[in-house]
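Student: Below are the sequence and a predicted model for it; my questions follow.
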Amino acid sequence: MNNAQMARAFQTVAALLMLQDENPFRIRAYERAAQTIEGLSEDMEMIYTRQGIEGVRAMPGIGADLSAKIEEMLTTGSMAFLKELQKNVPAGLLELLEIEGLGPKKVKFLRQKCGVESIADLERLAQSGELGKQKGWGEKSVRNVLAGIAAMRAHRERMAINVAHSIAGDIVQTLEESGLCGRIEIAGSLRRRKETIGDIDILATSDEPAKAMDVFCGFSLVERVLAKGGTKASVHLSAGIDADLRIVRAEVFGAALHYFTGSKEHNIALRKRGIARGCTVSEYGVYEGTAEQKGRLLASKTEEDVYRAVGLPFIPPELREHRGEIEAAEAGTLPILIEEADVHGDLHVHSNFSDGSVTMTRMAEAAQERGLQYIVFCDHASSMGMVRGIKDDTIDAYLALIEEARRTVPGMTIVAGAEVDILEDGSLYLSDETMSRLDWVTASVHAHFKMSPQEMTERMLRALDHPSVRQLGHPTARLLLRRDPIEFDTDAVFAKAAAQKIVVEINASVFRLDVNDVLIRKAKDAGCLFAINSDGHSPGDLDYRYGISQARRGWLSKEDVMNAKGVREFEMFLDRRP
DNA sequence: GCCGTTTTCGGCCCGACTGTTTTCAGTCG
């Protein structure tokens, strides 16, 4: 059983316990365990194999009971407690919890008083008018339930980070142009640069909050206003996700920004730290004493102040996932994170020799205009029905075009590479002889995504053993929001990549962002070197922002990243054959 | 269910908004 499956099992237990009115702290314990497991950079099975149940027990929030359940799942593949809970609850009932505005209490009520066991049941009840007759259910509640069902059906998915970023930017601009706000900042998971976004959080100061709320709720993409108060409003956007605006006083902007940036787990950990040090942390600041006492104000103006008040240095938003950042901050071992300006090259771009849209010359010019010192053309070498691309009998023409681009764009270091398919058996699409004429081979999986993890691991290890391979392209082959990652033993593959000095790609395309933050950290721990590549198919694609974001979320410094090194250093790396 | 520089029991983060309510429970983040 893998980490994701185990986390899902605990999440389901938490939801089922909710429906039984269980102790909320017991529920939180299961939720917390799910989150801890999901954020692990190592397979639980590995930890268990190496350190036994004590290793599992040592994790925060995992005690005697939960570690025993983890052991049970690892050894038997299931959890008896979960099965027991599921006996009493129809599967459709859990889905009801996902409807906005419906929590455990209401779902429980609906089941007991109205016999609702699925979304279809609830919809029927609401439309028939029967729901409106129930105690505590007015006309508006019924309308909200129906709208919630519709919204859930229409948009269950999260949104690509670049789309969310662009919409958030439009909201900020609208608020700015209204002249009603002072400071305006994007907060939430967007500020932490999560790979996909569930909702947009905006924080602002304003002397006329009511008017600012009106402007926000009147924003062109607003489909429905979900809530609107004096300091907080929530809307559903036609793009499919919600946006929240919070208005706070300028004096507490730092505390509020910290609070609304999250993550929730990071905030809870910080609050606990506050309590241990005799103070209370909230969105209004850090205060002496408990929440009831609310003593002297210690900090609120800036995030730096907030962290200082609990004895810590500033923690960058991308690290605030409660994955050890507070401990690292305390110990003074937070990494100096890589920045966009550190990128000096791109080790994976395409031209119209395969499926890119422009010539090598044009692409090289665009890279130069962007300030890059070197690029590696990695046109496809693939059997995938692609008429164009590098074949054993077109390599001469390819290399001639590289030469031409070198002549046409002086000052730019242009490297002849290829993105070669890793075939089903782990062999590569091009012949050894052809690959020996290239200076760089990126090996990527582009087909045959479904195979057992064992077979997939063997396939990838075989490819990495090939002496020509210098880079592993988009290692998990996922397409964000569309295709799941392929499954393989990441420990084995990263260990091999580190040993062979094969660069692990962080594909910066917002369609991929592959490998992800958790695996980046794991590969770093395995000793891997990375490249943050655009995988660009046109000049406009030469964008590294979100790849940088994920690298930062994976705790990377510029020293960890090959294309953050200057051209001389890259050329030395290029000359070193394994 | 977890956890311990007051604790092995009794705590567990904190506040805003909604809808239906005569004072607040439920939900959300």
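Tutor: Perfect, thanks for sending it. Numbers count the residues shown, from 1 in each chain, chains lettered A, B, ... in the order given.
Student: Strands of the stretch 401-550 of chain A, start to end?
Tutor: Assigned by DSSP state E, counting those that start in this stretch, the stretch 401-550 of chain A shows strands spanning A:413-421, A:440-444, A:469-472, A:503-507, A:530-533.
Student: Out of the ones you listed, which gets nearest to A:Ile119?
Tutor: Each of the strands of the stretch 401-550 of chain A has some distance to A:Ile119 by C-beta to C-beta; the shortest is strand A:503-507, at 37.0 Å. The C-beta positions use only the backbone N, C-alpha and C, and glycine is treated the same way.
Student: can I see the domain layout of chain A?
Tutor: Domain ranges of chain A: A:3-82, A:91-154, A:159-248, A:256-331, A:340-575, per automatic domain parsing.
Student: and among the ones you listed, the most buried is which?
Tutor: Among the domains of chain A, ranked by average contacts under mean count of other C-beta atoms under 10 Å, first place goes to domain A:340-575 (a mean of 20).
Student: I'd like the mean pLDDT over that domain, please.
Tutor: Across domain A:340-575, pLDDT averages out at 92.
Student: Reformat the domains of chain A as CSV; add distance to DNA strand B.
Tutor: Below are the domains of chain A laid out as CSV (distance: least, C-beta to the nearest atom of the strand, whole Å):
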stretch, distance to DNA strand B
domain A:3-82, 3
domain A:91-154, 2
domain A:159-248, 3
domain A:256-331, 4
domain A:340-575, 19
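Student: which ones are touching the residue most central in space within chain A?
Tutor: Chain A has A:Glu195 as the residue nearest its centroid, 3.1 Å off, counting by C-alpha atoms, centre = their mean. By C-beta atoms under 8 Å, 6 or more residues apart in numbering, A:Glu195 lies in contact with A:161, A:480, A:513, A:516-517, A:546, A:550.
Student: can you check A:Leu96 too?
Tutor: If you count contacts by C-beta under 8 Å, 6+ apart, A:Leu96 has them with A:102, A:107, A:110, A:116, A:118-119, A:122.
Student: These: which two are farthest apart?
Tutor: A:Leu102 and A:Ser118 (12.8 Å).
Student: Turn the contacts of A:Leu96 into TSV, columns for secondary structure and pLDDT.
Tutor: What follows is those, written out as TSV (DSSP: H, G, I helix; E, B strand; the rest coil; pLDDT from 0 to 100):
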residue	secondary structure	pLDDT
A:Leu102	coil	86
A:Val107	helix	90
A:Leu110	helix	89
A:Val116	coil	89
A:Ser118	coil	87
A:Ile119	helix	86
A:Leu122	helix	90
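Student: how about the helices of the stretch 251-400 of chain A, start to end?
Tutor: Ranges of helices in the stretch 251-400 of chain A, per DSSP state H, counting those that start in this stretch, are A:253-261, A:264-276, A:303-309, A:325-331, A:360-369, A:395-408.
Student: Compare those helices and give me the one nearest A:Asp421.
Tutor: Here helix A:395-408 is closest among these (C-beta to C-beta), at 15.3 Å.
Student: Could you list every helix and strand in contact with that closest one?
Tutor: Packing contacts for helix A:395-408, counted by 3 or more C-beta pairs under 8 Å, 6 or more residues apart in numbering; DSSP states H and E, involve helix A:360-369, strand A:413-421.
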